[in-house]
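> Below is the structure, and that's it, no one-letter string:
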């Protein structure tokens, strides 16, 4: 693959560009972004070789659509309209059902692979792009059978070169489960940040008391609202379900405290300590990058 | 100070022992712990020089009480009974009101300094003890005026050698604010872990989808229930208040999603992004150790 097009030269698209260039020094990385400053920064940082527009897409071997999920719904059909029969196009969005539905009947559906690399940090933009972001990370691929076999192969070869492990899921299952292990974490973190900041209004000293535990739980509250709002919108039903369960668990914990049933409080925590083994499982397959 | 007694040779007590020994190679570190295995492990790891009992406390220059806060309520008066007039005793607990109240009228009250070093990890026990845990961290001291001036000086010199910055607070304010920036984070994390584990019962694959974001928000759910249950018990009123506010914020977020008011969802997150600056503030004073 010689001509690589990155639509959206932020953390995710930019990190793909860096790793692909390292693996294939002879390829040319073309960047498309509606943010001109991002494009200039991406050139300055050596993330892309050239800034281009949609008219150039016909010469692409690979197109990575790495923009917010609402923009992907609009942009992906146009991208498919422009590319050749030999081009593989994949997205990276955190929701998969809407996008698969959107291009279901597109004449170039077989040029598209629906992907979700579970990788990232709370930062965004081209400056946040890093080498090796995808090494050891899981990449969830949906509706693989809808993608042309030859083009699947091209994409899988790339993911393998970047060190990713592949999981196949249907879009519905993806959106349901990712709500628990990713979307809910972001809301819990944002609302924790909000709760503490509201308090801080009157008590400026409070953050002198915050340690690394607080920082860890609130880290995701630094994430981009422009990226996360459309994710919550597209995955509304699942996210509301997880939120309901989370709120009920918090209410139950509060009730135990009010009833002074501290034996039950202890048990709640001890049972959840089991998360250690689960996280060890994550770590054994996913070296941390952030 | 030659004879240093550590009561509770876990993460917090053990890390004090390591740093104190490094600063003062001539001192002897004596360990007291009701867990015999911990004591043996602490000797094996070079954290303490000798295991001793309460009868030996009369020769102590410094006593650090680093045990769960319910145990401190019972043990601290006995420790003060045993020590000489020249001994400085400090605790490290995450709640300060009950302990200050407990020893308020103790004849040796002036030998005690109520302290809360904001440092730690989600791990526990002597194996979790590390060098440099306290470097750059905040140490909150309560009711400093109740401690004999000479003994205050000894403790402050030690904290300064270990690289800590000092904040003075009254116990009531300490317990109120720490509920927001520490205790609530632990509950939010435990309940997030619980919510996701409950789901996992039927869906074994779900954790393949978890990334570093989930890991970060759920990290504190690995914490010790034996340490945290008595903290929640002693700080019940404040913790319930923070939980109430947190639950209300989550409910509000859910309501906005149900009403499909995604502009407001965006604004909720954007406002909370301000946490970046706050965390930068934390980082500039507190190098991360975990």
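Good, I have the coordinates. Note that the structure is a prediction, hence the values are computed from the model and not measured.

> So the residue lying closest to residue A:276 once chain neighbours are set aside versus residue A:271, what's the distance?
Among residues not flanking residue A:276 along the chain, residue B:222 sits closest, at 4.9 Å (CB to CB, 6 or more residues apart in numbering or on different chains). C-beta here means a position set from N, CA and C on the backbone, and glycine is covered the same way. As judged by CB to CB, to the nearest Å, residue B:222 and residue A:271 stand 13 Å apart.

> ok, these two, which is more surrounded?
residue B:222 (22 against 15; other CB atoms under 10 Å in any protein chain shown).

> didn't that one look like it was pressed against residue A:274?
No. In this structure residue B:222 lies outside contact range of residue A:274 using CB atoms under 8 Å: 9.6 Å.

> For the closest residue in space to residue A:186 that isn't next to it in sequence, grab phi and psi.
Spatial nearest neighbour of residue A:186, excluding adjacent residues (CB to CB, 6+ apart): residue A:220 at 4.9 Å. Note on residue A:220: its backbone torsions stand at phi -70, psi -10 [degrees, to the nearest 10].

> which ones are touching residue A:220?
A:122, A:185-186, A:189-190, B:213, B:216-217 (CB atoms under 8 Å, 6 or more residues apart in numbering or on different chains).

> Closest one of those to residue A:99?
Nearest to residue A:99 among the contacts of residue A:220: residue A:186, at 19.3 Å, using CB to CB.

> Just give me the neighbour total for the closest one.
Neighbours around residue A:186, by other CB under 10 Å: 23.

> give the contact list for the closest residue to residue A:211 other than its chain neighbours.
Counting by CB to CB, 6+ apart, residue A:211 lies nearest to residue B:118, which is 4.1 Å off, once chain neighbours are set aside. Residue B:118 makes contact with A:209-211, B:137-140, B:182, B:286, according to CB under 8 Å, 6+ apart.

> Over to the residue of the stretch 1-150 of chain A found nearest chain B: give its phi and psi.
Relative to chain B, the nearest point of the stretch 1-150 of chain A is residue A:118 (4.2 Å; CB to the nearest CB). Backbone geometry at residue A:118, expressed as degrees, to the nearest 10, gives phi -80, psi 80.

> Same check on the one 10 residues further on?
Its backbone dihedrals place residue A:128 at phi -90, psi -10, with angles given as degrees, to the nearest 10.

> Is it in contact with residue A:14, as I believe?
Yes. Here residue A:128 lies in contact with residue A:14, judged by CB under 8 Å, at a distance of 7.4 Å.

> neighbour-wise, which of the two wins?
Of the pair residue A:128 and residue A:14, residue A:14 is the one with more neighbours under other CB under 10 Å, namely 30 against 18.

> how about the helices in the stretch 151-290 of chain A?
Assigned by DSSP state H, counting those that start in this stretch, the stretch 151-290 of chain A shows helices spanning A:171-178, A:184-200, A:212-218, A:225-234, A:236-258, A:262-272, A:275-285.

> Which among the ones you listed is found nearest to residue B:169?
Among the helices of the stretch 151-290 of chain A, the nearest to residue B:169 by CB to CB is helix A:184-200 (15.1 Å).

> Let's test this: mean pLDDT of that closest one, rounded?
Mean pLDDT, helix A:184-200: 92.

> what does stretch A:110-127 give?
Mean predicted confidence for stretch A:110-127 is 94.

> again with stretch A:160-168
pLDDT averaged over stretch A:160-168 gives 96.

> Name the residues of that stretch that are buried.
A:162, A:164, A:167 (16 or more other CB atoms under 10 Å in any protein chain shown).
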